[in-house]
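Chemist: Requesting a structural model of the entry that follows:
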Amino acid sequence: MVNQLLVTLVNSVLGSGKSTARNNYAYHCPLCNHHKPKLEVNLTENREGKNQWHCWACDARGTTIYNLFKQLKASADKFKELSSLVKTSRSIKDTQVVSTVILPKEYINLNNVDNSDIMARHALAYLKKRNINKYDIVKYGIGYCKEGLYKNMIVIPTYDVDGRLNYFTARSFEKEPYIKYRNPSASRDVIPNEHLINWNIPIILCEGPFDAIAIKRNAIPLLGKSIQNSLMKKIVTSVVDKIYIALDRDAIKQALKFCERLMAEGKEVYLVDLQDKDPSEMGFENFTRLIQKTVPLTYYDLMEQKLSL
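Modeler: Residues are numbered from 1 along each chain as shown. Got it, this is the predicted structure:
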């Protein structure tokens, strides 16, 4: 049953919505400004505040109206009214640790473009050269910008376990870009692609999102060469027992530190020798063969590698 008071409140923030199916309402998404009403919000009546929302264009999503309002920076009176309609105490607690990063307003999901968009064709051609296919574009919500701060850049978002945007990376698809990479001014202390990770099977730690996409299975991009606190804590406290570390050779010192820390926590660690090629350059099949040949790291191997530096 639809909560009509909640419908009225959400309409006051998002504009008039259109009733769809399963007590959902469709709105124009303020996070990506898509020209069609792609943001679906479930407005089922329940006191727990569990109302899922999802934009089918930019893939922004969440599990509560409170979180949606937080991302939209709704006014205090809207939050007050919301608290009288649904339970928000849990949502407030959850939102305190959620990054406020949002996708660029110029972001366009590459799954929603046609051949008339010349820059989209250039973006897709760049992705094809990096062996990224249509399935990858849909799975990772890959998009691009043709104007603004991220003009002519591929945008790859990442999401937390609840499907909320927690970071994104941008990489130019121009042949000789003045700026190759541009990232948001937001904390990197997140768990990238957390919504895709199965913590019951081995995980692979790599440097960037293109590497994670190339690896294709249970890969977490570090967004650099360091394991952030949130990710380290999650790995240490999870039941996952096998961890593959696949960083570039110029990050060998950091990789060995991670190996030592994780081995001390009782994890079985595999240090993957990338042989001067990152996973995105190697491709899925070559990287898979390399993984299969990699053996668990021993403390003797660890000390030997540290002494050789």
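
Chemist: Run through the stretch 51-200 of the chain and note the low-pLDDT ranges.
Modeler: Across the stretch 51-200 of the chain, the ranges flagged by pLDDT under 70 are 87-100.

Chemist: Helices along the chain, start to end?
Modeler: Applying DSSP state H to the chain gives helices spanning 4-14, 65-72, 76-85, 89-95, 118-129, 134-140, 209-215, 229-237, 252-264, 279-282, 284-293, 299-307.

Chemist: who does the first one touch, helix- and strand-wise?
Modeler: Using 3 or more CB pairs under 8 Å, 6 or more residues apart in numbering; DSSP states H and E as the contact criterion, the secondary-structure elements in contact with helix 4-14 are strand 24-27, strand 39-42, helix 65-72, helix 76-85. In this view, the C-beta of every residue, glycine as well, is placed from N, C-alpha and C.

Chemist: Go again with 6 Å.
Modeler: helix 76-85 (3 or more CB pairs under 6 Å, 6 or more residues apart in numbering; DSSP states H and E).

Chemist: Please parse the chain into its domains.
Modeler: 4-95, 108-182, 194-307 (automatic domain parsing).

Chemist: Looking at those, which is nearest to Ile102?
Modeler: With CB to CB as the criterion, Ile102 lies closest to domain 4-95 of those, at 5.6 Å.

Chemist: And for the residue lying closest to Lys151 once chain neighbours are set aside, the neighbour number?
Modeler: Nearest residue to Lys151, sequence neighbours excluded (CB to CB, 6 or more residues apart in numbering): Cys145, at 5.7 Å. Counted by other CB atoms under 10 Å, the residues lying close to Cys145 total 22.

Chemist: Tell me the bridge partners for Cys145.
Modeler: Met153 (DSSP bridges).

Chemist: For Trp56, give me its contacts.
Modeler: Lys38 (CB atoms under 6 Å, 6 or more residues apart in numbering).

Chemist: ok, back up a step: please report the distance of the residue nearest to Lys151 from Pro157.
Modeler: Distance of Cys145 to Pro157, computed by CB to CB, to the nearest Å: 12 Å.

Chemist: Now do the end-to-end distance for stretch 171-182.
Modeler: Its first and final residues considered, stretch 171-182 spans 7 Å by CA to CA, to the nearest Å.

Chemist: for it, the distance to its chain's centre please.
Modeler: 21 Å (CA atoms, centre = their mean, to the nearest Å).

Chemist: Export the helices of the chain as CSV, with columns for mean neighbour count.
Modeler: Listed next are those as CSV, based on neighbours: other CB atoms under 10 Å:
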stretch, mean neighbour count
helix 4-14, 17
helix 65-72, 22
helix 76-85, 14
helix 89-95, 15
helix 118-129, 16
helix 134-140, 15
helix 209-215, 24
helix 229-237, 16
helix 252-264, 17
helix 279-282, 21
helix 284-293, 14
helix 299-307, 12
